[in-house]
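Colleague: Got a sequence here, can you model it:
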Amino acid sequence: MTPGTRPRRARPTPARGGVGLARALLDDAIGHDGAGRLSEAVACYTRAIAAADAAGERALLAEALRRMADVHRRRSEVDAAVELCGRSRAVAESIGDAVLAAEAVNALAVVHVEVGALDVARTAFAEALRMGGARSPLLRGGIEQNLGVLANIHGDWEAALAHYERSLEAFRAAGDERRCAMAYNNLGLLSADRARWADADAYYERAITAADAAGNVYLRGLALMNRSEVLLAQARYADAMRGAEEARATFEQLGAPRHVSETHRLTGVVLRETGEPRLAEERLRTAVDLAVAAGAPLEEAEASRELAILCQRAGRNQDALRLLNASHRLFQRLDARRDLVDVGAKVTDLEGTYMAVVRDWGQSIESADSYTHGHCERVATYAVAVARALGLADEDVTTVRLGAYLHDLGKVKTPHGVLNKRGRLTPEELAIMQRHPVDGVEMLDGIEFPWDLKPMIRWHHERHDGTGYPDGLAGDAIPLHAQIICVADVWDALTTTRSYRPALPRAQALAIMSESRHHWRRDVFEAFMALPAEATTPA
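Modeller: Prediction:
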């Protein structure tokens with residue numbers, strides 16, 4: 001995103017002083033930078049800064065400061081990047097160079113985007129455009145590109161496309177391959193966001209070609225990594241693996257841990273989808289660890305979600321839920337960022353995965369009881385209908401649905417003979433059966449949910465009149481969500497075949513519900529009874 005001139009090939013530094021030395025050192029630094037030798041680049045930039053300062057070459061000094069700031073940004077060293085951008089602007093303004101000052105402001109705005117301060121970034125881009133856009137077409141092209149990124153983040157695809165195309169036009173006219181590579185990469189990201197895979201693939205290929213022409217290995221690695229994401233979406237696993245591995249080697253050379261984490265996530269997903277779960281888990285856990293070490297919550301959240309899917313497929317539901325909960329917390333802490341189009345969409349996608357894990361786990365619980373197949377799904381359907389009839393918010397409806405899927409979790413600890421016994425249970429057997437709400441909560445020990453599910457699991461057999469179990473709660477001491485699950489659970493028990501009796505006819509079941517109305521809050525009971533017949537008919 002940061003505008004700059006085309007990197008030049010590194011060459012031996014001439015043994016001279018003053019202006020010539022500063023220029024040569026800066027050229028060497030640019031060469032190292034473009035080749036991905038960031039440590040060498042920082043060393044040369046540092047020497048170039050000192051030489052330009054000593055020679056009184058303020059324009060060279062401003063450029064060197066800005067370029068070194070960009071290296072620090074790519075290494076996630078935000079404080080250093082901000083400080084260097086400020087110094088670059090101050091030097092440029094001291095000599096009245098509006099374009100150099102605007103480039104420093106633009107570079108600082110990019111740092112703001114990286115950390116999610118989008119409003120601050122937008123203001124800074126506008127300031128940079130006002131300061132130097134009319135004097136420098138290339139600067140204007142760079143700012144157009146950055147404004148395209150902001151539009152893309154907010155899902156305004158048409159505006160993003162217009163900004164990107166204007167920036168590409170400016171870069172092509174100037175013959176600046178490095179900037180063309182950046183523009184092609186952003187067009188690829190935009191196409192991928194719109195699921196236009198062929199367009200995205202073509203743009204990334206052009207980005208790789210332009211990056212090679214510019215000798216910029218960082219941009220080549222970025223395009224390879226992003227193209228691998230597209231190939232993965234198309235199930236072109238071998239190609240995705242090759243691209244991700246090449247990108248990983250590049251970013252390891254560059255010392256860019258955030259991107260290394262992303263490539264490990266990509267290869268982990270490929271391995272998961274191609275039947276290598278052990279290797280997939282190793283890669284995905286490495287991705288999480290690298291993201292944590294790099295202070296990259298977005299990458300940590302994405303890798304945790306992919307690892308959760310792996311655990312779900314292996315039947316490790318508790319591990320999957322812990323990972324999904326961690327991912328959810330991370331996403332909720334994130335503001336939108338350069339590479340995150342819509343946090344809301346990410347969270348919605350994550351919650352869909354969460355729902356699938358919980359549903360699958362609930363259905364697996366029923367496998368222990370041959371008479372309750374589909375019970376959790378039906379209870380969820382009835383409970384959601386009641387919640388909506390009560391006018392609960394969407395978040396509460398989601399909470400009720402998830403609680404319904406897991407309300408009988410503790411039954412996996414109930415002996416099979418008790419679960420499937422024909423006829424009445426003995427007092428001892430009844431006591432064993434009535435432990436399942438507590439057992440269910442204990443099974444979730446250590447898992448902190450984004451939704452308040454545990455009260456529904458523990459108290460879905462509590463009754464409003466205090467005659468329920470396991471804690472004998474009464475009245476408003478019983479959470480509303482638990483009461484909703486309770487009424488749905490009882491209805492399903494009455495209207496489906498159980499080991500101890502056949503399913504009851506609808507009229508008889510409704511009569512029993514009416515006789516037992518004191519078991520539920522009045523509003524919950526009335527909301528249930530008011531539901532249309534089709535909403536409470538077992539599928």
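Colleague: where does the stretch 351-500 of the chain have low pLDDT?
Modeller: Across the stretch 351-500 of the chain, the ranges flagged by pLDDT under 70 are 365-373, 499-500.
Colleague: Point out where the chain drops to low pLDDT.
Modeller: Low-confidence regions of the chain, defined by pLDDT under 70, span residues 1-19, 328-329, 331-349, 365-373, 499-500, 539.
Colleague: Can you pull the domain assignment for it?
Modeller: Domain ranges of the chain: 1-135, 367-536, per automatic domain parsing.
Colleague: now, of those domains, which is deepest in the fold?
Modeller: domain 1-135 (a mean of 20; mean count of other C-beta atoms under 10 Å). C-beta coordinates here come from the backbone N, C-alpha and C atoms, glycine included.
Colleague: Out of the domains of the chain, which gets nearest to V149?
Modeller: Nearest of these to V149, taken as C-beta to C-beta: domain 1-135 at 6.3 Å.
Colleague: returning to that earlier point: dump the domains of the chain into JSON lines; add distance to L231 as well.
Modeller: Below are those laid out as JSON lines (distance: least, C-beta to C-beta, whole Å):
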{"stretch": "domain 1-135", "distance to L231": "23"}
{"stretch": "domain 367-536", "distance to L231": "32"}
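Colleague: wait, which of those is closest to L222?
Modeller: With C-beta to C-beta as the measure, domain 1-135 is the member of the domains of the chain nearest L222 (9.9 Å).
Colleague: how about the residue nearest the centre of the chain, what does it touch?
Modeller: The residue lying closest to the centre of the chain (C-alpha atoms, centre = their mean) is E302, at 4.5 Å. For E302, the set of contacting residues under the criterion of C-beta atoms under 8 Å, 6 or more residues apart in numbering consists of 262, 265, 327.
Colleague: Among the residues you listed, which ones are in strands?
Modeller: Within the contacts of E302, membership in strands is found for no residue, as judged by DSSP state E.
Colleague: Of the residues you listed, just say which sits nearest to R424.
Modeller: Looking at the contacts of E302 and their distance to R424, the nearest is S327, at 45.5 Å (C-beta to C-beta).
Colleague: out of everything not next to it in sequence, what's closest to that closest one?
Modeller: On the basis of C-beta to C-beta, 6 or more residues apart in numbering, the spatially nearest residue to S327 that is not a chain neighbour turns out to be S304, at 4.0 Å.
Colleague: how many other residues sit next to that neighbour?
Modeller: Residues contacting S304 under the criterion other C-beta atoms under 10 Å number 27.
Colleague: List the buried residues in the host helix or strand of it.
Modeller: Element membership of S304 [criterion: DSSP states H and E] is helix 297-313. By neighbour count on 16 or more other C-beta atoms under 10 Å, the buried set for helix 297-313 is 297-312.
Colleague: got it, and stretch 286-299?
Modeller: Residues of stretch 286-299 classed as buried by neighbour count (16+ other C-beta under 10 Å): 286-288, 290-292, 294, 296-299.
Colleague: just to revisit the earlier point, and the helix holding S304, how far out from the chain middle?
Modeller: Averaging C-alpha coordinates over helix 297-313 and over its chain gives two centres that are 9 Å apart (C-alpha atoms, centre = their mean, to the nearest Å).
Colleague: CA-only coordinates of that helix in CSV, if you can.
Modeller: What follows is helix 297-313, C-alpha atoms only, in CSV (Å, rounded to 0.1, in the frame of the first residue of the first chain):
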residue,chain,number,x,y,z
PRO,A,297,-5.2,-11.7,16.7
LEU,A,298,-6.8,-12.0,13.2
GLU,A,299,-4.4,-14.8,12.1
GLU,A,300,-4.8,-16.5,15.5
ALA,A,301,-8.6,-16.4,15.2
GLU,A,302,-8.6,-17.8,11.7
ALA,A,303,-6.1,-20.6,12.5
SER,A,304,-8.1,-21.5,15.7
ARG,A,305,-11.3,-21.8,13.7
GLU,A,306,-9.7,-24.1,11.1
LEU,A,307,-8.2,-26.2,13.9
ALA,A,308,-11.7,-26.4,15.5
ILE,A,309,-13.1,-27.8,12.3
LEU,A,310,-10.4,-30.5,12.3
CYS,A,311,-11.2,-31.4,15.9
GLN,A,312,-15.0,-31.5,15.1
ARG,A,313,-14.3,-34.0,12.3
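Colleague: before we move on, back to that, may I ask you to confirm that the residue nearest to S327 is in contact with L321?
Modeller: No: applying C-beta atoms under 8 Å, one finds S304 not in contact with L321, separated by 11.4 Å.
Colleague: Grab the nearest non-local neighbour of E300.
Modeller: Beyond its immediate neighbours in the sequence, the residue positioned closest to E300 (C-beta to C-beta, 6+ apart) is A291, lying 3.8 Å away.
Colleague: quick one: contacts for the one you found?
Modeller: In this structure, A291 makes contact with 257-258, 261, 297, 299-300, 303, judged by C-beta under 8 Å, 6+ apart.
Colleague: Please repeat the previous calculation with a cut-off of 6 Å.
Modeller: When the contact criterion is C-beta atoms under 6 Å, 6 or more residues apart in numbering, the partners of A291 are 261, 299-300, 303.
Colleague: The nearest residue to E273 once chain neighbours are set aside: neighbour count?
Modeller: Nearest-residue entry for E273: Y237, 6.2 Å, with adjacent residues in sequence omitted and distances by C-beta to C-beta, 6+ apart. Number of residues near Y237 (other C-beta under 10 Å) recorded here: 15.
Colleague: still on that earlier bit, against V490, how distant is the residue nearest to the centre of the chain?
Modeller: In this view, E302 and V490 are 41 Å apart by C-beta to C-beta, to the nearest Å.
Colleague: buried ones in whatever helix or strand A151 lives in?
Modeller: Of the helices and strands defined by DSSP H and E, A151 is found in helix 137-153. Neighbour-count burial for helix 137-153, counted by 16+ other C-beta under 10 Å, picks out 138-153.
Colleague: okay, the angle between the helix or strand following it and helix 137-153?
Modeller: Towards the C-terminus, the helix or strand next in line after helix 137-153, according to DSSP H and E, is helix 157-174. Put simply, helix 157-174 runs at 160 degrees to helix 137-153, going by axes from the mean of the first three to the mean of the last three C-alpha atoms, to 10 degrees.
Colleague: what sits up against helix 157-174?
Modeller: Applying C-beta under 6 Å, 6+ apart, the set of residues contacting helix 157-174 is 137-138, 141, 144-145, 147-148, 151-152, 179-180, 183, 186-187, 190.
Colleague: Kindly recompute the last result at 8 Å.
Modeller: The set of residues that contact helix 157-174 without belonging to it, under C-beta under 8 Å, 6+ apart, is 137-138, 140-142, 144-145, 147-149, 151-152, 179-180, 183-184, 186-187, 190, 193-194.
Colleague: State whether Q363 and C376 are indeed in contact, as I suppose.
Modeller: Yes: between Q363 and C376 there is a contact at 6.3 Å, judged by C-beta under 8 Å.
Colleague: Check the gap between the residue nearest to S327 and D289 for me.
Modeller: From S304 to D289 the distance is 11 Å (C-beta to C-beta).
Colleague: just A54 next, same as before
Modeller: Distance from A54 to D289, by C-beta to C-beta: 44 Å.
Colleague: Then L430?
Modeller: Counting by C-beta to C-beta, the gap between L430 and D289 amounts to 48 Å.
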